[in-house]
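Novice: Using only what follows, build the 3D model:
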Amino acid sequence: MEENIQNTSDYVSLCEDWCPGQTLPDSCPMFAVDCEMVITKDGYELARVSVVDEKLVCVYDKLVKPDNPVLDYKTEFSGITQEILKNVTTSLSEVQKDLSTLLPQPCILIGHSLENDFRALKMTHPFVIDTSCLFQGPPEAMTNWFKPKLRMLAKRFLGKEIQTGTNGHSPTEDAQSCMELVLRKLKLGDKMSLHKTDRSILSEVASRGRPTAIVDRSSIVKLFGGLASHYTVSRDEEVLEEGRDAVSSHDLTFLQLHSYEDSIKGKAKAPPEHSRDRVLRQLDSEATDFLVSLPRGTLALVVCGSNDITRMKSLLRLKLRDKVKETGGHRSNWSRSRFHHMTAHMIL
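Specialist: Below you'll find the model as predicted:
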């Protein structure tokens, strides 16, 4: 554990006069910062830094010469090349002095995954807003916490595309996006959240007085609190067994099968080269038998997916190929087993 602790003894503080417990004035200004890094023998080192103010104006943008020879410019992400840094003489210590002079005390610094920026800058600051943590929703949603990408947040909440080029990210654009996200969040509050539990399908159905049930492993079941009846299981066989019981007394039943996910992650007992196809065929057969046995007027959502999208990409290529065939007068002939593990079925 100790080798993973970052040594900050040589870091520069951006707010040396701050005392623990000190409150910020209402007029405290905000600035957004974003850094681009390259790789040297010491790991990631600063190569460019941008700072924007609350009006989205870039007030500082500097290329920085790393202390060590560059091993990897990470151009596809950083936008930095050997040619770009060729005549750069600005050092990290100069950037530290510039920012200490430029940024008023106190101020609030905004960014995305700020720990990476501060590590590259070798600086500390007590007042921060990190957009990678800002949109997680209420405390009960934090059990399903994850760190969203800035690109996704900008598209979802700002309606704009960023980081779309092939020449790396623009730190100015990223800093502006962070500032826009925070300004909008301050205005809209909880309306900007990745976990709108009051708008989930379970709560929508429950709010209309329709009973719902969820059949899944305990870690998933706990996430939904009192939104649905719980059927906790540990094996796929139990999912279908409990699902038959749940669907008879609920208008909506959500079932999650995990055998395909387990095969992707190498948890299946069968050899990897045979596991996935075998599991998909088994899932297709079991899900079909389950769904055709359900009574009319019930809705069952059977999910068998995984965060591995390799097969989905393959299916999309097949779909494109079949569409080409259709234009030549051929009707595509899809196998049910290719889609049962990715679809939800409604029994009417």
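Novice: Let's test this: mean pLDDT of whatever helix or strand Thr288 lives in, rounded?
Specialist: Taking DSSP states H and E as the criterion, Thr288 maps to helix 272-292. Per-residue pLDDT values over helix 272-292 give a mean of 74.
Novice: Any buried residues in the helix or strand just after it, and which?
Specialist: Proceeding C-terminally, helix 272-292 gives way to strand 299-303 as the next helix or strand, assigned by DSSP H and E. For strand 299-303, burial by neighbour count (16 or more other Cβ atoms under 10 Å) applies to 299-300, 302-303. Using the backbone N, CA and C atoms, a C-beta is placed for each residue, glycine as well.
Novice: Including distance to Val51 and pLDDT, could the residues you listed go into TSV?
Specialist: What follows is these, written out as TSV (distance: Cβ to Cβ, whole Å; pLDDT from 0 to 100):
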residue	distance to Val51	pLDDT
Leu299	52	82
Ala300	53	83
Val302	50	81
Val303	44	79
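Novice: Next, the angle from the helix holding Thr288 to strand 299-303.
Specialist: In terms of direction (axes from the mean of the first three to the mean of the last three Cα atoms, to 10 degrees), helix 272-292 departs from strand 299-303 by 180 degrees.
Novice: Helix 272-292: which residues count as buried?
Specialist: Taking 16+ other Cβ under 10 Å as the neighbour-count basis, helix 272-292 is seen to contain the buried residues 275-276, 279-280, 283-284, 286-287, 290-291.
Novice: with the buried residues of strand 299-303 in mind, which one is nearest to Trp18?
Specialist: Top of the list for closeness to Trp18, among the buried residues of strand 299-303 and by Cβ to Cβ, is Val303 at 48.6 Å.
Novice: Tell me how far the closest one lies from Lys147.
Specialist: From Val303 across to Lys147, the span is 23 Å (Cβ to Cβ, to the nearest Å).
Novice: Only alpha carbons, please: show the helix or strand hosting Thr172 as PDB.
Specialist: With elements taken from DSSP H and E, the one containing Thr172 is helix 171-188. In PDB, the C-alpha atoms belonging to helix 171-188 read as follows (Å, rounded to 0.1, in the frame of the first residue of the first chain):
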ATOM      1  CA  PRO A 171      -7.600  21.400 -22.800                       C
ATOM      2  CA  THR A 172      -9.300  24.700 -23.300                       C
ATOM      3  CA  GLU A 173     -12.400  23.100 -24.700                       C
ATOM      4  CA  ASP A 174     -12.400  20.500 -21.900                       C
ATOM      5  CA  ALA A 175     -12.000  23.300 -19.200                       C
ATOM      6  CA  GLN A 176     -14.800  25.300 -20.800                       C
ATOM      7  CA  SER A 177     -17.000  22.200 -20.700                       C
ATOM      8  CA  CYS A 178     -16.300  21.600 -17.100                       C
ATOM      9  CA  MET A 179     -17.200  25.200 -16.300                       C
ATOM     10  CA  GLU A 180     -20.400  25.000 -18.300                       C
ATOM     11  CA  LEU A 181     -21.400  21.800 -16.500                       C
ATOM     12  CA  VAL A 182     -20.800  23.400 -13.000                       C
ATOM     13  CA  LEU A 183     -22.700  26.600 -13.900                       C
ATOM     14  CA  ARG A 184     -25.600  24.700 -15.200                       C
ATOM     15  CA  LYS A 185     -25.600  22.300 -12.200                       C
ATOM     16  CA  LEU A 186     -25.600  25.300  -9.800                       C
ATOM     17  CA  LYS A 187     -28.700  26.600 -11.700                       C
ATOM     18  CA  LEU A 188     -30.700  23.300 -12.100                       C
END
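Novice: could I have whatever helix or strand comes next after it exported to CSV, CA atoms only?
Specialist: Along the chain past helix 171-188, the next helix or strand (assigned with DSSP H and E) turns out to be helix 201-207. What follows is the C-alpha trace of helix 201-207 in CSV, where atoms were taken according to Å, rounded to 0.1, in the frame of the first residue of the first chain:
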residue,chain,number,x,y,z
ILE,A,201,-39.1,2.4,-15.0
LEU,A,202,-39.6,0.7,-11.7
SER,A,203,-40.7,3.9,-9.9
GLU,A,204,-42.9,5.0,-12.9
VAL,A,205,-44.8,1.7,-12.8
ALA,A,206,-45.0,1.6,-9.0
SER,A,207,-46.4,5.2,-9.0
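Novice: Helix or strand next in line after helix 201-207, which one?
Specialist: Heading C-terminal from helix 201-207, the first helix or strand you meet, by DSSP H and E, is strand 212-216.
Novice: For stretch 161-180, buried residues please.
Specialist: Applying a neighbour-count criterion of 16+ other Cβ under 10 Å, the buried positions in stretch 161-180 are 162-163, 168-180.
Novice: Which of the residues you listed lies at the shortest distance from Glu237?
Specialist: Top of the list for closeness to Glu237, among the buried residues of stretch 161-180 and by Cβ to Cβ, is Gln163 at 44.0 Å.
Novice: what residues are up against that closest one?
Specialist: By Cβ atoms under 8 Å, 6 or more residues apart in numbering, Gln163 lies in contact with 150-151, 169-170, 173-174.
Novice: wouldn't Thr212 be in contact with Val247 here?
Specialist: No - counting by Cβ atoms under 8 Å, Thr212 stays clear of Val247, with 10.8 Å between them.
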